[in-house]
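got a structure for you, letters missing:
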């Protein structure tokens, strides 16, 4: 390899590195702009997933069918708690219904929804306002991690929030089926949970009632 060939290779690699760096800065600038809009009270059309928070958004169809099923299940003027399910909450916000909503979420970007937002960390399952005890007709939940610890602590929150006759919908990996049934008396539904980006672990929907009857196409 002569000197000119070596210089050409160095320039080529530098151009690739520069392109990747510029793309990174552009994405960072876009994220900062969205955060600024949120802080100013402007609700963005979409929120990017944050994989560091184990965020994996549902497809539009899945979110829509879940939201519609929630409204039908909760009934007129029902109360719905979306626990770690911001995709469903945002879809519910787009729909016309008479249900009251709360989103319990770790991601503080959703604080843009003001009184409907409750900061929630599953590691502190009872660290939610006392006045939410037994207040919800329906709870839809997607524990952020596929672990026994996460599901067990999230189940404590669900039991705190639910009315005695409340309906529960759980979206989580199929590996958690036995524990979901044991903790929340929820059984596997036919309804399929699909994500915008494919996951390695198959996801399922579970409920303590016949949710499939409420989410037909």
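Right, received. Where do you want to start? In this text the structure is predicted, and so the values were computed from the model without any measurement. Numbering: from 1, shown residues only.

what are the ranges of the helices in this protein?
With DSSP state H as the criterion, the chain has helices at 3-39, 60-74, 86-94, 148-161, 177-184.

Ranked by average pLDDT, which of those falls at the bottom?
Mean pLDDT is lowest for helix 3-39 among the helices of the chain, at a mean of 57.

what packs against the lengthiest strand in the chain?
If you go by DSSP state E, the chain has its longest strand at strand 162-173. Taking 3 or more Cβ pairs under 8 Å, 6 or more residues apart in numbering; DSSP states H and E as contact, the helices and strands that strand 162-173 lies on are helix 60-74, strand 136-141, helix 177-184, strand 203-207. Placement of C-beta: from N, CA and C, glycine included.

residues in contact with it?
66, 69-70, 73-74, 85, 134-143, 146, 151, 158, 180, 184, 186, 193, 201-209, 211 (Cβ atoms under 8 Å, 6 or more residues apart in numbering).

Quick check: mean pLDDT of that strand?
Average pLDDT, strand 162-173: 96.

if I pick the nearest residue to residue 186 once chain neighbours are set aside, what's in contact with it?
Leaving aside its chain neighbours, residue 186 sits nearest to residue 206 (3.9 Å; criterion: Cβ to Cβ, 6 or more residues apart in numbering). Contact partners of residue 206, counting by Cβ under 8 Å, 6+ apart, are 169, 170, 171, 172, 177, 180, 181, 184, 186, 187, 188, 189.

Out of the contacts of strand 162-173, which end up buried?
Among the contacts of strand 162-173, those classed as buried by 16 or more other Cβ atoms under 10 Å are 66, 69-70, 73-74, 85, 135-143, 146, 151, 158, 180, 184, 186, 193, 203-209, 211.

how close does residue 138 get to residue 127?
Residue 138 sits 22 Å away from residue 127, taking Cβ to Cβ, to the nearest Å as the criterion.

nope, residue 211 is what I meant
28 Å.

returning to that earlier point: listing partners with orientation, what would you give for the longest strand of the chain?
Here strand 162-173 has these sheet partners by DSSP bridges: strand 136-141 (parallel), strand 203-207 (antiparallel).

In that strand, which residues are buried?
Going by neighbour count (16+ other Cβ under 10 Å), the buried part of strand 162-173 is 162, 166, 167, 168, 169, 170, 171, 172, 173.

Could you double-check that residue 77 sits in contact with residue 98?
Yes. Between residue 77 and residue 98 there is a contact at 4.9 Å, judged by Cβ atoms under 8 Å.

Can you tell me the centre-most residue of this structure?
residue 85 (3.2 Å; Cα atoms, centre = their mean).

check contacts around it.
Under the criterion of Cβ under 8 Å, 6+ apart, the neighbours of residue 85 are 66, 103, 140, 141, 142, 171.

Give me the phi and psi for it.
Phi and psi for residue 85, reported as degrees, to the nearest 10, are phi -130, psi 60.

same deal with the one 10 residues further on?
The phi and psi torsions at residue 95 (degrees, to the nearest 10) take the values phi -90, psi 160.
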